[in-house]
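Participant: How does the following fold in three dimensions:
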Amino acid sequence: MGIDLVQAKIEQTIEILNELDIDLWLIFCRESSMMADPVMDLVVGHQVVWQSAFFITKDGDTLALVGNYDAANFKKSRRYLDVQPYVQDCGKEIRRAIKKFNPRKIALNYSVNDNAADGLTHGMFLLLMEYLKGTPYVERIVSSEEIISLLRGRKIMQEIEQIASAALMATECWRESIEQIRVNMTEIDIARLIDYNLRRMGTVNSFDTIVNAGAKSSPGHGSPTEAVLLPGDLLHIDFGARVNGFCSDLQRLAYFRRENESRPPAKLIKAFNKVKNIIEETAKLYRPGV
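Facilitator: Have a look, this model is predicted:
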C-alpha cells in the first residue's frame, strides 16, 4: 500500500512548526470547492462545505473541526488524530479548541508576498477575529507564509516522483509533437496538437499552452493566434503536463528552415549555444546549501 501523501505532509508540517517555534497552524475555510485555500490538497485532502478549522500543533496534535455532514471523509482517512463534528456553533468550538492548545503563536494563511500562502479570505479572517474577540489569542496571530514555503519547497520522495512523471510526459509529448508540426499550421493548430497529445497520453496541460510562430505574436502569456508558421520562423512553445496535481513547465524552440537553407542562421546557433552553456555551467553549481 502506497504512502498517504497528505499524511506525510502533515507529519512534515509538525517538524517545520518545531523548527520555526510556532505552536499552532490553523487553516480556516468553507465552501472549498468554490474558494479553495491552496493548502487544502497539501495537508487537508478533502473538500468541505460548512465552516471548517484544521489545527496542527508543534506537539503533534491534529484536529479537524468540521460540519456534521463533512465529517465522514475525515474520519475514514484517519489523517487527523481527532475529528470533531459540529452542528451549530463553529465559533464556540474554535474558541474551545484554541483554549485547549493555548498557543503562543497562531499561524494563519495570509501573505502579501506568496499567493500559495494567502488562502484565508478577508471575510473568513474577519469572522475568525469575531470568534476570538475578547481572548488573548487575537494578539498572537502570525502569517503562515514561512510554514507553507518550507512545506511546499521541501519535496518528499513521492512528490519528486510525481514531478518527474509530469516532466517526462511533457518531454515525450514534445518529441511526438515536433514530428507532427508543419509549416502553414496556425499557432492555434499547434496548441491544439500539443494538448491533444497530452490527453492521448492520459494527462492534461498544466496551464494554457503558449505558441509563438516567429515574431508574429507576443512571447508573453498571450493565447495562441491565427498567425501561421512559415519557413524562417523560430517556433516557441511553452507548455506542461499535470499529473496528480503536480505540474511540469517546459519551453521549447524549433527553427523551420527556408528552402535554400541547410542549417539555421549563424546568429541562432550562437544564441542557442550560449544559452546551452549557461544552463550547463549553472547546473554544476547546484547542490544542497547553495
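Participant: need the strands for the stretch 101-250 of the chain, in chain order.
Facilitator: 106-108, 141-143, 204-205, 210-213, 234-239, 241-243, 246-247, 250-255 (DSSP state E, counting those that start in this stretch).
Participant: got any ranges where the stretch 151-290 of the chain has weak pLDDT?
Facilitator: Of all residues in the stretch 151-290 of the chain, none has pLDDT under 70.
Participant: would you list every one of the helices in it?
Facilitator: Secondary structure of the stretch 151-290 of the chain (DSSP state H, counting those that start in this stretch): helices at 157-180, 187-200, 266-285.
Participant: Throw those helices into CSV and include distance to residue 77 and mean neighbour count, thanks.
Facilitator: In short, each C-beta sits where N, CA and C put it, glycine included. Shown next, in CSV, are the helices of the stretch 151-290 of the chain (distance: least, C-beta to C-beta, whole Å; neighbours: other C-beta atoms under 10 Å):
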stretch, distance to residue 77, mean neighbour count
helix 157-180, 16, 16
helix 187-200, 30, 19
helix 266-285, 40, 10
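Participant: Tabulate these in a markdown table, adding columns for distance to residue 34.
Facilitator: Shown next, in a markdown table, are these (distance: least, C-beta to C-beta, whole Å):
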| stretch | distance to residue 34 |
| --- | --- |
| helix 157-180 | 26 |
| helix 187-200 | 26 |
| helix 266-285 | 41 |
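Participant: among the ones you listed, which is nearest residue 63?
Facilitator: Evaluated with C-beta to C-beta, the helices of the stretch 151-290 of the chain place helix 157-180 nearest to residue 63, the distance being 24.8 Å.
Participant: Which residue comes closest to residue 58 once chain neighbours are left out?
Facilitator: In this structure, residue 58 finds its nearest non-sequential neighbour in residue 17, 3.7 Å apart by C-beta to C-beta, 6 or more residues apart in numbering.
Participant: Residue 54 too?
Facilitator: Among residues not flanking residue 54 along the chain, residue 27 sits closest, at 4.2 Å (C-beta to C-beta, 6+ apart).
Participant: returning to that earlier point: so which residues lie in contact with the strand or helix carrying the residue nearest to residue 58, not counting its own?
Facilitator: Per DSSP states H and E, residue 17 falls inside helix 5-20. Residues outside helix 5-20 that contact it (C-beta atoms under 8 Å, 6 or more residues apart in numbering) are 23-25, 41-45, 56-58, 60, 62, 77, 79-80, 146-147, 150-151, 154, 156, 158-159.
Participant: From these, list the buried ones, please.
Facilitator: Neighbour counting by 16 or more other C-beta atoms under 10 Å classes 23-25, 41-45, 56-58, 62, 77, 79-80, 146-147, 150-151, 158-159 among the contacts of helix 5-20 as buried.
Participant: Among those, which ones are in helices?
Facilitator: 77, 146-147, 150-151, 158-159 (DSSP state H).
Participant: now, the most widely separated pair of the residues you listed?
Facilitator: Once C-beta to C-beta is applied, those give 77 and 146 as the farthest pair, at 26.9 Å.
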